[in-house]
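S.K.: model this:
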Amino acid sequence: MQEPEGGKGDVWDDYRFVLAVHRAGTVSAAARRLGVDHATVIRRIDRLERRLGEKLFHRRASGYTATQAGLALVATADTVESAIIHGEAAVGRAGSRLVGTVRIGAPDGFGSTFLAPRLAGLVERHPELDIELVATARLFSLSKREADIAIGLSLPPEGRIVGRKLTDYALKLYAAPSYLARHPPIGSRGDLGGHRFIGYIDELLYSPELDYLHQIAPGAGARLRSANLNAQLQATVAGLGLAVLPCFMAAGRPDLACVLPAEITLIRSFWLMMHADSRDLARIRAVAEHIYAVVEAERGLFAAVGQGSRIKGRG
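M.R.: As a prediction, this is how the structure comes out:
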């Protein structure tokens, strides 16, 4: 459908496209975020550049990079967006219906194993509320609106981000009984040197809190590596080696055995974060409160099973 050349009334609509391209870095990613096609994004950017008489982006094979004029416009658009969000929050406080979409970015293990099955009640209570759960091993930029709520292993050092600790959680060393039956017994940490480990891919570690294998067995390297915690869990169950796994995922499973439970316990933390501009939106606040509530109700899942020295993580 051909779009009209629009006047001042379309300015904010065009600014949304500039913000999306700046935050996403590519036209295709911006188009997905906006729910339009690739050509529409290009047409909108071109139209705004003609109207302003300024080049807003450098077009490169790797993506779009804002020019100085583009950055100035992005700053203005970000301010306008913040004002709109605050206005929505003020209106939302006056009503009781939760309408719209909330995107949650969460680590793969927490998001898929713990959180996903505990969202049903929230959705049933609010039929006009849609949830997008992005459960993957990466950091989410709240400033770039990649998520409305982010679960992370630490708070960011700067930015207009607000958050609080959800819970500490324990990790222990696990192996399949079949693996332990085929390999030399493990009576102390000194016996770990001759065993196979499963862990993260070093260059794909998205948080320093996950770089813990050397704390368990100094000098050991993972023979099988994956950036995905669920893949590590499944590889451990299959008997490929030893892995450090969160107790909320591994404890109590008959296909996994805890190795040196009295000696090895690592402690990390989950934090819930929101952008300062959007934390008062009724739908975002309600989802955040639901996450706090389900974690609090089942806090025992995150505790260590058995006693052991607590190896504190960074952050």
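
S.K.: average pLDDT across stretch 66-80?
M.R.: Average pLDDT, stretch 66-80: 80.

S.K.: distance from that stretch to the middle of the chain?
M.R.: Its chain's C-alpha centre and that of stretch 66-80 lie 26 Å apart, by CA atoms, centre = their mean, to the nearest Å.

S.K.: for it, buried residues please.
M.R.: Neighbour-count burial for stretch 66-80 flags 66, 70, 73, 74, 77, 78 (criterion: 16 or more other CB atoms under 10 Å). (Glycine included, C-beta is placed from N, CA and C.)

S.K.: can you check stretch 127-140 too?
M.R.: Using 16+ other CB under 10 Å as the test for burial, stretch 127-140 gives 129, 131, 133, 135, 137, 140.

S.K.: for this protein, which segments count as helices?
M.R.: For the chain, applying DSSP state H gives helices covering 11-24, 27-34, 38-52, 68-94, 108-109, 120-125, 177-182, 213-216, 229-237, 247-250, 282-297.

S.K.: TSV for the ones you listed, including distance to residue 258?
M.R.: Formatted as TSV, the helices of the chain follow (distance: least, CB to CB, whole Å):
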stretch	distance to residue 258
helix 11-24	43
helix 27-34	42
helix 38-52	50
helix 68-94	46
helix 108-109	17
helix 120-125	30
helix 177-182	11
helix 213-216	13
helix 229-237	11
helix 247-250	8
helix 282-297	23
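
S.K.: between those, which gets the lowest average pLDDT?
M.R.: helix 68-94 (a mean of 69).

S.K.: residue 104 reaches residue 142, doesn't it?
M.R.: No. Contact criterion CB atoms under 8 Å: residue 104 and residue 142 do not qualify, at 11.5 Å.

S.K.: okay, and the common contacts of the two?
M.R.: With contacts taken as CB atoms under 8 Å, 6 or more residues apart in numbering, residue 104 and residue 142 have 148, 150 as neighbours in common.

S.K.: still on that earlier bit, which one of the buried residues of stretch 66-80 is nearest residue 17?
M.R.: Residue 17 lies nearest to residue 77 out of the buried residues of stretch 66-80, by CB to CB, at 9.5 Å.

S.K.: show me what contacts the closest one?
M.R.: Listed by CB under 8 Å, 6+ apart, the contact set of residue 77 reads 12, 15, 16, 18, 19.

S.K.: how about 7 Å then?
M.R.: 15, 18, 19 (CB atoms under 7 Å, 6 or more residues apart in numbering).

S.K.: counting neighbours, which of these comes out on top?
M.R.: residue 18 (24 neighbours; other CB atoms under 10 Å).

S.K.: check contacts around that residue.
M.R.: Taking CB under 7 Å, 6+ apart as the criterion, residue 18 is in contact with 45, 48, 56, 70, 73, 74, 77.

S.K.: give me the low-pLDDT residue ranges for the stretch 201-315 of the chain?
M.R.: Applying pLDDT under 70 to the stretch 201-315 of the chain flags the ranges 305-315.

S.K.: for residue 163, which non-adjacent residue is closest in space?
M.R.: residue 273 (3.5 Å; CB to CB, 6 or more residues apart in numbering).

S.K.: kindly report the same for residue 196.
M.R.: Of all residues not flanking residue 196 in the chain, residue 241 sits nearest, at 3.4 Å (CB to CB, 6+ apart).

S.K.: what's the burial count for the one you found?
M.R.: Other residues lying near residue 241 total 20 when counted by other CB under 10 Å.

S.K.: now do it against residue 169, distance only.
M.R.: Distance from residue 241 to residue 169, counting by CB to CB, to the nearest Å: 22 Å.

S.K.: could the contacts of residue 77 go into JSON lines alongside distance to residue 185?
M.R.: Output for these, formatted as JSON lines (distance: CB to CB, whole Å):
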{"residue": "15", "distance to residue 185": "65"}
{"residue": "18", "distance to residue 185": "63"}
{"residue": "19", "distance to residue 185": "59"}
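
S.K.: and which of those is nearest to residue 193?
M.R.: Set against residue 193, the nearest of the contacts of residue 77 by CB to CB is residue 19 (52.5 Å).

S.K.: so that closest one makes contact with residue 75?
M.R.: No. Residue 19 is beyond contact range of residue 75, at 10.2 Å (criterion: CB atoms under 7 Å).

S.K.: mind listing the shared neighbours of those two?
M.R.: With CB under 7 Å, 6+ apart, residue 19 and residue 75 have no common neighbours.

S.K.: outline the domain layout of this protein.
M.R.: Domain assignment for the chain by automatic domain parsing gives 8-92, 97-167+269-301, 168-267+304-312.
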